[in-house]
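S.K.: pasting the structure only:
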């Protein structure tokens, strides 16, 4: 073993460039061509690779030092024979960057052959969060996966974040499912035929013309190294690139986390973005303290009506009138609030109010519960309402449709959503294929879904796909209300607490149990006559449930 000096190679017409980042420390084992430091001129930044593999024994530079060709960077105790010096990194200035051309097909195929076989994709460092839930999966086995393509969405109690792939290839196996809890380092997927070495460079890297001409004559590994080195980490003088001020390793780290680097504030020299800055940004997003531009684009424009040409929302200092307490809204209320605002503004909604006589149906429900006491299943009026609505939707199919541009999509399935009041806010679980289920099965499924909703354990799949929604205030009270349609549905039924009322039977007033119905419908799809018929038919079914069999 011998101590070997690792020096700055020929980096072009640059004299005394500044060391802005140290990528290794004493005791580290380095490979040949592994990046050691990042240097920066007034035109570009680049990483200086090691010419030798071995163990770092001494660092000869520190942050802020000026180095030039031939300066000693560090001392390495070489492992075996000293490796051949790595080729000098190609410096690309702003003018040269404009002349960059795409990697040719021959070189691309050569690079692609560098590394193939099974590659594991793990959860990157997403900050101080444990057991974040998988709420969405974007891929399936057999899909061709690109580098940095989003694989899943995870969610903390404050925000959601997409996790991208750290490699490219064909997805052979997905190791997570909806509802799973994951942590940093957990195995997400296994890819086959992945070009793992391409992690060194951007997916659509551009290289300078002189480098292109030499690629076909070099080996795949050296071609890849030249490509990686030809792309500068940062070029402040190039307006066409518009890259944030960060090194290639930090860029790679940001890509692995799916972090938009241009939105991260750098705290290093000249505003340079470090790995700590990326981590801090990620933690802030996951904690809900920061919102990315992509998230902001999905949210309503401040909720102040400015996007609609309305006058600004009033800004009031409430504290000057008396004591106040400020509490941030919960995540569910924030999400549902944005949807409700959009639906209330975008849909020309009309509400029909009516009453249904459920005297006999309520008596049947009570007797059914007595007969099934041992089963533990409690039948509620909402279970009958779901079954009755399915019958009405089949008779009037436009209520079970959705708008798609100028077309109307009629659905030949009947998934009924029901609004559940939870400590965290309103949630809408869905009873799928309600037309194929009996009252007892619907009641049991409703109980299970409602418990999941209260415990915060509903998966996205259990809250999507509804064709019609019922919002019931029966256990609370009230008479009528105007529910907001849950787009892309075109109607929603609101029901309140049933009360006994005197009803004229032709001879006398008799007490009947009446259920208030409030049907809100989208006037673009449904007209007033159809809505009146739907409500009337629904009332007939609830009055004589045998009509469900017709």
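M.R.: Perfect, thanks for sending it. Note that this is a predicted model, so its numbers are computed, not measured.
S.K.: Which parts of the stretch 151-300 of the chain are helices?
M.R.: In the stretch 151-300 of the chain, the helices defined using DSSP state H, counting those that start in this stretch lie at 209-214, 220-230, 248-257, 275-286, 293-298.
S.K.: Report the rounded mean pLDDT for the longest one.
M.R.: Spelled out, that is helix 275-286. Helix 275-286 shows a mean pLDDT of 83.
S.K.: residue boundaries of the strands in the stretch 451-550 of the chain?
M.R.: With DSSP state E, counting those that start in this stretch as the criterion, the stretch 451-550 of the chain has strands at 468-472, 491-495, 499-504, 509-522.
S.K.: Can you say which of those is packed in most?
M.R.: strand 491-495 (a mean of 25; mean count of other CB atoms under 10 Å). Quick note: C-beta positions are derived from backbone N, CA and C, even for glycine.
S.K.: What's the mean pLDDT across it?
M.R.: Strand 491-495 comes out at a mean pLDDT of 97.
S.K.: Quick one: residues contacting the closest residue to residue 132 other than its chain neighbours.
M.R.: Nearest non-adjacent residue to residue 132, counting by CB to CB, 6 or more residues apart in numbering: residue 154, 4.3 Å away. For residue 154, the contacting residues are 126, 132, 133, 134, 135, 160, 161, 163, 182, by CB atoms under 8 Å, 6 or more residues apart in numbering.
S.K.: Next one, pLDDT for residue 212 please.
M.R.: pLDDT, residue 212: 35.
S.K.: Residue 167: neighbouring residues, count only.
M.R.: Applying other CB atoms under 10 Å, we find 20 residues neighbouring residue 167.
S.K.: What of residue 398?
M.R.: 17.
S.K.: Check residue 320 too.
M.R.: 7.
S.K.: measure it to residue 327 for me?
M.R.: 19 Å (CB to CB, to the nearest Å).
S.K.: and stretch 175-187, which residues are buried?
M.R.: If you call a residue buried by 16 or more other CB atoms under 10 Å, then stretch 175-187 has these buried ones: 176, 180, 182.
S.K.: cool, stretch 317-332 as well?
M.R.: For stretch 317-332, by 16+ other CB under 10 Å, it's 331, 332.
S.K.: what about it, distance to the chain center?
M.R.: Stretch 317-332 sits 29 Å away from the centroid of its parent chain (CA atoms, centre = their mean, to the nearest Å).
S.K.: next one: stretch 386-403
M.R.: For stretch 386-403 - counting by CA atoms, centre = their mean - the centre lies 32 Å from the chain centre.
S.K.: end-to-end on that stretch?
M.R.: Start-to-end span of stretch 386-403 (CA to CA, to the nearest Å) is 23 Å.
S.K.: Give me the contacts around it.
M.R.: Under CB under 8 Å, 6+ apart, the answer for stretch 386-403 is 408-411, 414, 416, 418, 431, 434-435, 439, 442, 446, 467-468, 470, 488-491, 493, 521-522, 524-526, 530, 533-534, 537-538, 541-542, 545, 547-548.
S.K.: again, only using 7 Å
M.R.: 408-411, 414, 416, 431, 434-435, 439, 442, 467-468, 470, 488-491, 493, 524-526, 530, 533-534, 537-538, 541-542, 548 (CB atoms under 7 Å, 6 or more residues apart in numbering).
S.K.: for stretch 11-28, what is the average pLDDT?
M.R.: 82.
S.K.: same deal with stretch 422-438?
M.R.: pLDDT averaged over stretch 422-438 gives 90.
S.K.: Repeat that for stretch 246-261.
M.R.: On average, stretch 246-261 scores 78.
S.K.: Give me the buried positions along it.
M.R.: 246-259, 261.
S.K.: Tell me if I'm right that residue 273 and residue 250 touch.
M.R.: Yes. The criterion here is CB atoms under 7 Å, and residue 273 meets it with residue 250 at 5.8 Å.
S.K.: where are the low-confidence patches of the stretch 51-200 of the chain?
M.R.: Across the stretch 51-200 of the chain, the ranges flagged by pLDDT under 70 are 79-116, 127-129, 157-160, 193-200.
S.K.: how does it look with 80?
M.R.: 79-117, 125-130, 147-148, 155-162, 193-200 (pLDDT under 80).
S.K.: what ranges do the strands span in it?
M.R.: Counting by DSSP E, counting those that start in this stretch, the strands of the stretch 51-200 of the chain are 54-59, 66-67, 72-78, 101-102, 119-122, 132-137, 144-145, 150-155, 160-164, 169-174, 181-182, 187-192.
S.K.: The last one: partners in the sheet, and parallel or antiparallel?
M.R.: When pairs are called by DSSP bridges, strand 187-192 turns out to pair with strand 119-122 (antiparallel), strand 169-174 (antiparallel).
S.K.: Check which residues of it are buried.
M.R.: 188, 189, 190, 191.
S.K.: Show me what it is in contact with.
M.R.: With CB under 7 Å, 6+ apart, strand 187-192 has contacts from 118-123, 145, 151-152, 163, 167, 169-176.
S.K.: distance between that strand and the chain's centre?
M.R.: 19 Å.
S.K.: cool, the longest one as well?
M.R.: With CA atoms, centre = their mean as the basis, strand 72-78 stands 45 Å off its chain's centre.
S.K.: Sheet partners, orientation included, of that strand?
M.R.: Paired strands of strand 72-78, defined by DSSP bridges, are strand 3-7 (antiparallel), strand 54-59 (antiparallel).
S.K.: got the buried residues for it?
M.R.: 73, 74, 75, 76, 78.
S.K.: ditto for the fifth one
M.R.: When burial is assessed from 16+ other CB under 10 Å, strand 119-122 yields the following buried residues: 119, 121.
S.K.: 49 is where my numbering starts, stick with that
M.R.: Done: numbering now begins at 49, and the last item shifts to strand 167-170.
S.K.: So which other helices or strands are in contact with the helix or strand residue 85 falls within?
M.R.: Element membership for residue 85, per DSSP states H and E: strand 83-88. For strand 83-88, the elements it packs on are strand 65-70, strand 93-97, strand 120-126, judged by 3 or more CB pairs under 7 Å, 6 or more residues apart in numbering; DSSP states H and E.
S.K.: Ok, which of those comes nearest residue 561?
M.R.: strand 65-70 (75.7 Å; CB to CB).
S.K.: now the angle from the closest one to strand 83-88?
M.R.: Inter-element angle recorded for strand 65-70 and strand 83-88: 130 degrees (by axes from the mean of the first three to the mean of the last three CA atoms, to 10 degrees).
S.K.: What lies in contact with strand 65-70?
M.R.: 85-89, 93, 109, 111-115, 295, 317, 320.
S.K.: for the stretch 349-498 of the chain, which spans come out with low pLDDT?
M.R.: 349-358, 378-383, 471-473.
S.K.: Just the strands from it, written as ranges.
M.R.: 397-405, 449-452, 455-458, 464-466, 468-470, 473-475, 478-479.
S.K.: nearest to residue 554, of these?
M.R.: strand 397-405 (14.1 Å).
S.K.: For the closest one, buried residues please.
M.R.: Those would be 397, 399, 400, 402, 403, 404, 405, for strand 397-405 by 16+ other CB under 10 Å.
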